[in-house]
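Undergrad: sequence first, predicted model second:
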Amino acid sequence: MVAEIGATDGRGFMMAPSFIFVTCQVGSERAVKVEIARRWPKFRFAYSRPGFLTFKLPEKIQYAEDFDLESVFARAYAFSLGKVQGADPAGMARQAWAMLEGRAVRRIHVWPRDAAVAGHRGYQPGLTPEAFEVHRLLCETQPPDVHLPSGAAEMRNPARRGELIFDCVLVDREEWWLGFHKAAGPVTRWPGGMLPLELPAEAVSRAWLKMEEALRWSELPISPGARVAEIGSAPGGASQALLARGYDVLGIDPAAMHPAVSAHPHFTHLRRRSTQVRRREFRKIRWLTADMNVAPNYTLQAVEAIVTHPEVNVRGLLLTLKLTDWNLADQVPEYLDRVRGWGYNRVRARQLQHHRQEICIAAWQSPFRRKSRHGS
Ligand SMILES: C[S@@+](CC[C@H](N)C(=O)[O-])C[C@H]1O[C@@H](n2cnc3c(N)ncnc32)[C@H](O)[C@@H]1O
């Protein structure tokens with residue numbers, strides 16, 4: 001959206017920023033560049049480190065503070081104010097405030113660039129103690145005319161929609177990049193687009209985290225008691241996240257479910273491949289999720305065969321696509337077109353914080369249009 005950002009707030013003129021910065025998974029940088037070149041051809045790639053990129057914005061175009069980058073692989077982004085460097089964190093914090101030029105921020109987000117490839121030796125992207133420490137320093141050094149809620153707690157709560165956020169990315173211990181954005185959708189309200197999720201002790205696989213994050217990001221309008229099918233359900237962490245929300249889950253997988261999941265009264269297991277399941281088993285299913293360890297075209301083909309069947313009425317989807325090869329990232333727009341072609345008018349995709357080399361597609365119909373009178 002084009003709008004005015006180089007405006008005054010009564011305290012003088014603020015320069016419109018010339019750059020935007022992006023944080024992403026280590027390994028996704030090329031995918032970010034390709035999709036920005038496609039969607040925003042006037043942006044010019046400027047600088048990158050693993051998991052961190054900057055782009056020069058075109059001159060004479062001004063973007064709204066809640067500008068939507070529409071990127072699948074950017075986990076977070078902000079208008080850049082530049083960087084501060086040094087070995088004195090308190091001094092860096094004071095310099096950071098000076099760069100804001102009096103913008104009326106209501107909250108501070110601090111997060112690190114990813115330290116390694118997600119999953120490498122168990123690495124999980126997320127907020128670090130150092131991020132909380134820098135957040136505390138920025139709170140302590142805020143100028144007298146800025147009245148922010150203090151304490152690290154605000155990093156553990158989502159920003160309110162419309163709040164202007166002061167962003168600080170710890171690119172290195174002695175190099176922080178500062179920026180700002182306005183909170184809008186669910187992920188722009190969390191520091192670095194990362195939700196504070198912790199794997200529950202009873203979760204039988206880390207797929208719980210992926211499903212929980214996918215449900216919160218997508219905000220799919222699934223009502224309690226809904227019937228959800230999950231293709232690739234074993235051992236069952238994702239099913240646990242669905243069951244905990246009160247859904248009835250049909251798990252489809254030739255592999256065994258964890259006994260804690262198969263014993264749940266609202267869980268049914270079809271111990272087969274999706275292609276071996278009769279279509280009538282899906283008649284009462286309104287939501288379909290898939291997380292198979294196969295190439296994207298296989299997943300899309302398996303889901304297409306179900307949702308396009310005349311007697312099946314699936315309102316929405318949550319699909320994990322494994323990018324078995326990084327070059328498949330270039331085909332994401334075609335994957336989304338294919339899903340739209342099945343009749344879904346709301347389609348979005350994102351590489352989630354808890355993903356490895358994979359993305360999630362959320363798709364649904366609004367309003368819901370049934371093809372047939374079958375099913376309830
Ligand atoms: C990443 S695991 C799924 C993790 C699971 N969602 C959880 O919450 O624990 C991938 C699963 O896909 C299953 N799978 C692969 N091809 C399949 C197919 N054609 N139909 C059903 N399941 C399939 C595998 O057996 C495997 O259990």
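TA: Now that the structure is in, tell me what you want to look at.

Undergrad: so, in contact with the ligand or not, stretch 284-298?
TA: Yes: Stretch 284-298 lies within reach of the ligand by C-beta under 6 Å from any ligand atom, at 291, 292, 293, 294. In this view, the C-beta of every residue, glycine as well, is placed from N, C-alpha and C.

Undergrad: could you dump these into CSV with secondary structure, pLDDT and neighbour count added?
TA: Formatted as CSV, the residues of stretch 284-298 next to the ligand follow (DSSP: H, G, I helix; E, B strand; the rest coil; pLDDT from 0 to 100; neighbours: other C-beta atoms under 10 Å):
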residue, secondary structure, pLDDT, neighbour count
291, coil, 98, 24
292, coil, 97, 21
293, coil, 95, 11
294, coil, 97, 14
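
Undergrad: most widely separated two among those residues?
TA: Farthest-apart pair in the residues of stretch 284-298 next to the ligand is 291 and 294; separation 10.1 Å (C-beta to C-beta).

Undergrad: pLDDT on the helix or strand harbouring residue 35, on average?
TA: Here residue 35, judged by DSSP states H and E, is contained in helix 29-39. Averaging pLDDT along helix 29-39 yields 97.

Undergrad: could you say what helices and strands the following helix or strand past it packs with?
TA: Note on helix 29-39: by DSSP H and E, the next helix or strand toward the C-terminus is strand 44-49. Contacts defined by 3 or more C-beta pairs under 8 Å, 6 or more residues apart in numbering; DSSP states H and E place strand 44-49 against helix 29-39, strand 52-56.

Undergrad: for the ligand, which of these is the nearest?
TA: Proximity to the ligand (C-beta to the nearest ligand atom) singles out helix 29-39 among the helices and strands packed on strand 44-49, at 20.9 Å.

Undergrad: which residues touch the helix holding residue 35?
TA: By C-beta atoms under 8 Å, 6 or more residues apart in numbering, the residues outside helix 29-39 that reach it are 22, 24, 43, 45, 48, 50-51, 53, 55, 69-74, 326, 329-330, 332-333.

Undergrad: returning to that earlier point: among the helices and strands packed on strand 44-49, which comes closest to residue 316?
TA: helix 29-39 (23.6 Å).

Undergrad: got the angle between that closest one and strand 44-49?
TA: Angle, helix 29-39 to strand 44-49, by axes from the mean of the first three to the mean of the last three C-alpha atoms, to 10 degrees: 170 degrees.

Undergrad: could you give the angle of helix 29-39 to strand 52-56?
TA: Computed with the same axes, to 10 degrees, the direction of helix 29-39 lies at 30 degrees from that of strand 52-56.

Undergrad: quick one: buried residues of helix 29-39?
TA: Within helix 29-39, the residues that count as buried by 16 or more other C-beta atoms under 10 Å are 29, 31, 32, 33, 35, 36.

Undergrad: stretch 238-257 too?
TA: 238-243, 245, 247-253, 257.

Undergrad: which of those are close to the ligand?
TA: Contacts with the ligand are made by 238, 239, 252, 253 out of those, judged by C-beta under 6 Å from any ligand atom.

Undergrad: which of those residues fall within helices?
TA: Using DSSP state H, 238, 239 are the members of these that sit in helices.

Undergrad: near the ligand, which residues of the stretch 201-350 of the chain show up?
TA: Contact residues (C-beta under 6 Å from any ligand atom) of the stretch 201-350 of the chain with the ligand: 205, 207, 231-239, 252-255, 273-274, 291-294, 302.

Undergrad: rerun at 5 Å
TA: The stretch 201-350 of the chain comes close to the ligand at residues 205, 207, 231-232, 234-235, 237-238, 253, 255, 273-274, 291-293, as judged by C-beta under 5 Å from any ligand atom.

Undergrad: which of these sit farthest apart?
TA: Largest separation among those by C-beta to C-beta: 237 and 273, giving 20.2 Å.

Undergrad: ok, the two, which is more surrounded?
TA: The neighbour count for residue 237 versus residue 273, taken as other C-beta atoms under 10 Å, is higher for residue 237 (24 against 14).

Undergrad: I'd say that one and residue 208 touch.
TA: Yes: under the criterion of C-beta atoms under 8 Å, residue 237 makes contact with residue 208 at 3.6 Å.

Undergrad: since that was my last question, I'll sign off now.
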